[in-house]
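Asker: sequence-free structure coming up:
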Ligand code: PHE
C-alpha cells in the first residue's frame, strides 16, 4: 500500500462529503471511519507490514482519518445551520403582509351602541357615569326607594330572588341612585346604565333581562323645570330636533310628582301606525322629583336638597328608533339581525 492510495481515498471522501446531506453524511462516516470502514481496514492490516511501513502508513492513515472526521463534522455543522435557517424562514410571520384572517370583523351589539349614544348625550350635559351591582339586597332595590314590604312592586312574581331570599337580581337601575348618594354629597349629576331582571313571561315587548339607564340629579333648588329641560334636550338630540314630547302624570314610589315621557312616533309623525300601535306616541321612560323619603334614606337633608330621577328603557328606545318589533331579537344572537347595526 502506498501514500497515493490514501491520498486518493481522502480526495474521494472529500468530494462525497461536499455533496452530502444530513442523512448521507452518516453513511460516509461509516464507510470511511466505521468499524469496518476503509481507513479502519487499512489500520487493521498494518500488522502485515514492516515496522517502518507500519509507522509511515499508520501515521498518514491516522492523519487521513482525522482530516475526514473533521471535514464530516464541519459539514454536519453547516448542514444543521442551513436547516435551522430554512425552518426559521418558513415559520417567520410577516406582520406587514395582508394575510388572510379567518374571522369576520365584529361590531358592537345594538344595545351597547345605544347605551354609548345615550351616555354621550348625558355626558355632554354634565352627567358622569356610575355602575351599580346586578345582585342587590331588598334595601337597595326596594326599601331605600320607599317601596315598603307590602307594595305590589315587591310581588315575588316580578323578582328573581337568590338563595335564602336575602339577595335578588335588581329589577331596575334605581338602586344605583342609592349607591351613588351613599358615596357622594350633592351636587350630583350621574347616569347609571346596566342590566336589570324581571321574572316575567316573555313576548314581543317583555323579556326577563333588559337594560335601563338611570339618571339622577340632586342639588339645591332643582325643580321639575330642570328635569323637563334635560330630558327634552336628550330626546331631541337622540331622536331629532323636531320630535314631539309628552309628559304624562304617573306614579313611582321613589319620585313625587312622577311622570312618564312619550315621544311622538317618528315613523308616522303621530298619525298612528303599527310601531306606535296607532296611538301616535311611544313611551320611553319614567321620571319624577326624588321623593323626600329617598333623600332621608341616605341621610341627605331633604329640606335643603331636591332632585330629579329618570329611568330610560334602552331596548324600548332602540326598538323605537330602528322600528324593531320584537325585544327577543336582541337576545337571540342571530347574526342576520345583528349585522344590520
Ligand atoms: N325604576 C323605574 C322603572 O323601572 C323607572 C324610573 C326611574 C322612574 C327613575 C322614575 C325615576 O320603571
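Answerer: Structure received. Just so it is clear, the structure is predicted and the values come from calculations on it, not from any experiment.
Asker: show me what contacts the residue nearest to the spatial centre of the chain?
Answerer: A centroid search over the chain (CA atoms, centre = their mean) returns residue 108, at 10.1 Å, as the residue closest to the centre. With contact set as CB atoms under 8 Å, 6 or more residues apart in numbering, residue 108 has these partners: 116, 341. (Glycine included, C-beta is placed from N, CA and C.)
Asker: quick one: secondary structure of it?
Answerer: coil (DSSP: H, G, I helix; E, B strand; the rest coil).
Asker: per-residue confidence for it?
Answerer: We have a pLDDT of 94 for residue 108.
Asker: just residue 94 next, same as before
Answerer: Looking at residue 94, the pLDDT reads 69.
Asker: can you check the one 4 residues further on too?
Answerer: Residue 98 is assigned a predicted lDDT (pLDDT) of 66.
Asker: please apply the same query to residue 57.
Answerer: 88.
Asker: same thing with residue 165?
Answerer: pLDDT, read off for residue 165, is 77.
Asker: what is the neighbour count of it?
Answerer: 10 (other CB atoms under 10 Å).
Asker: how near is it to residue 261?
Answerer: 34 Å (CB to CB, to the nearest Å).
Asker: now do residue 24
Answerer: Distance from residue 24 to residue 261, by CB to CB: 86 Å.
Asker: of these two, which one has the most company?
Answerer: residue 261 (24 against 13).
Asker: quick one: that one from residue 241, how far?
Answerer: 17 Å.
Asker: next: residue 151.
Answerer: 39 Å.
Asker: how about residue 17?
Answerer: 87 Å.
Asker: among those two, which residue is more densely surrounded?
Answerer: residue 17 (19 against 7).
Asker: would you confirm that the more buried one contacts residue 28?
Answerer: Yes. Here residue 17 reaches residue 28: they are 6.0 Å apart, a contact under CB atoms under 8 Å.
Asker: for those two, list the residues in contact with both.
Answerer: residue 72.
Asker: for the residue in the stretch 51-200 of the chain that the ligand sits nearest to, grab phi and psi.
Answerer: Closest to the ligand within the stretch 51-200 of the chain is residue 172: 3.4 Å, counting by CB to the nearest ligand atom. The phi and psi torsions at residue 172 (degrees, to the nearest 10) take the values phi -160, psi 170.
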